[in-house]
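structure, please.
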Amino acid sequence: MKTLVMTATYNEMENLPDLVEEIFRHAPQVEVLVIDDNSPDGTGDWCDRKGREDPRVHCLHREGKLGLGTAILAGMQYALGNEYRYVVNMDADFSHPPRCLPELIRGMDPPDGPPVDVMIGSRYIPGGGVKDWPLKRKLMSRGVNLYARWLLGLGPKDCSGGYRCYRVSLLKQLDFTAVRSRGYSFQEEVLWRLKRRGARFGETPILFVDRCRGQSKIDSREAVEALKIIFQLGVRNWLGR
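Prediction:
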């Protein structure tokens, strides 16, 4: 019945200690996995020290920046190997509010409906939204979601957001070696692959807040590559392959 909350980090020392505290304040029953890409600011070292003090905190150290998608895959494989029931992915910069964790987890087995395999913290359903984004970024995000939903035949309104709770038993059916995305398109690709395994999706509203501390990791080249991969997967989807 355990739940793992994972977050990928690179130079998040300004945010991670407070984030872990907030996670445990709202969901004290969970465990936290930090997947650190050899942060030069000491993020991984702090995580190791915290893990020695609190057995709920774990850290995976990677040799460098290997991409967000590969970090999430590593966290999923950790959850598979350690008998968790659910695994939640969230950003380390407080853009995903920890106070929404209980709602994400409860939504997996609602009392008035069938179980859900992926519960998405959604910006684009009633009650959700974004804060402190310029108009250009809002339009880009909406456009990517429409692009992915149409090409990949996805039902959720927010296919590019990373605040999600996954049922680990369904992740066991994924062929991790087949996942092509290493960056931003991972969020859409994994939904598409899980949909092909019969996954049921749910959404709960969140307010996405732009980071206020630390440096953004957005890379325009990765964004272009993400659109390319989504298009290629979309062609496969439309051809029924």
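
could you use CA atoms for every contact and neighbour count after this?
OK.

any idea how far Ile105 is from Asp210?
Distance of Ile105 to Asp210, computed by C-alpha to C-alpha, to the nearest Å: 23 Å.

could you pull up the mean pLDDT of stretch 93-112?
What stretch 93-112 shows for mean pLDDT is 94.

for that stretch, what is the distance to the chain centroid?
Relative to the chain's own centre, stretch 93-112 is displaced by 12 Å; criterion: C-alpha atoms, centre = their mean, to the nearest Å.

buried stuff in it?
For stretch 93-112, the neighbour count (16 or more other C-alpha atoms under 10 Å) marks 93-98, 100-101, 104-105, 107-108 as buried.

out of these, which is nearest to Thr7?
Nearest to Thr7, judged by C-alpha to C-alpha, of these is Asp93 at 9.5 Å.

burial check on Glu222, number of neighbours?
Under the neighbour criterion other C-alpha atoms under 10 Å, Glu222 is assigned a count of 15.

what does Arg236 give?
For Arg236, the neighbour count with other C-alpha under 10 Å is 13.

so which bits of the helix or strand where it lies are buried?
Element membership of Arg236, judged by DSSP states H and E, is helix 220-239. Residues 225-227, 229-231, 233-234 are the ones in helix 220-239 that count as buried (16+ other C-alpha under 10 Å).

what score does Ala178 have for pLDDT?
pLDDT for Ala178: 89.

neighbours of it, how many?
8.

quick one: it from Gly143, how far?
Between Ala178 and Gly143 the computed distance is 26 Å (C-alpha to C-alpha).

residues in contact with Gly183?
Each residue near Gly183 by C-alpha atoms under 8 Å, 6 or more residues apart in numbering is listed here: 67-70, 222-223, 226.

alpha carbons only: can I get the helix or strand of the chain with the lowest mean pLDDT in PDB?
Sorting the helices and strands of the chain by mean pLDDT, DSSP states H and E puts helix 220-239 at the bottom, at a mean of 79. C-alpha atoms of helix 220-239 as PDB (Å, rounded to 0.1, in the frame of the first residue of the first chain):
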ATOM      1  CA  SER A 220      14.200  25.300 -26.600                       C
ATOM      2  CA  ARG A 221      16.100  22.500 -28.500                       C
ATOM      3  CA  GLU A 222      14.500  19.900 -26.200                       C
ATOM      4  CA  ALA A 223      11.100  21.500 -26.800                       C
ATOM      5  CA  VAL A 224      11.500  21.200 -30.600                       C
ATOM      6  CA  GLU A 225      12.700  17.600 -30.300                       C
ATOM      7  CA  ALA A 226       9.600  16.800 -28.200                       C
ATOM      8  CA  LEU A 227       7.300  18.100 -30.900                       C
ATOM      9  CA  LYS A 228       9.100  15.900 -33.400                       C
ATOM     10  CA  ILE A 229       8.700  12.800 -31.300                       C
ATOM     11  CA  ILE A 230       5.000  13.400 -30.600                       C
ATOM     12  CA  PHE A 231       4.500  13.800 -34.400                       C
ATOM     13  CA  GLN A 232       6.300  10.500 -35.100                       C
ATOM     14  CA  LEU A 233       4.300   8.700 -32.400                       C
ATOM     15  CA  GLY A 234       1.100  10.300 -33.800                       C
ATOM     16  CA  VAL A 235       1.800   8.900 -37.300                       C
ATOM     17  CA  ARG A 236       2.200   5.400 -35.700                       C
ATOM     18  CA  ASN A 237      -1.000   6.000 -33.800                       C
ATOM     19  CA  TRP A 238      -3.000   7.000 -36.900                       C
ATOM     20  CA  LEU A 239      -1.600   4.100 -38.900                       C
END
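
having no further points to raise, I will conclude here.
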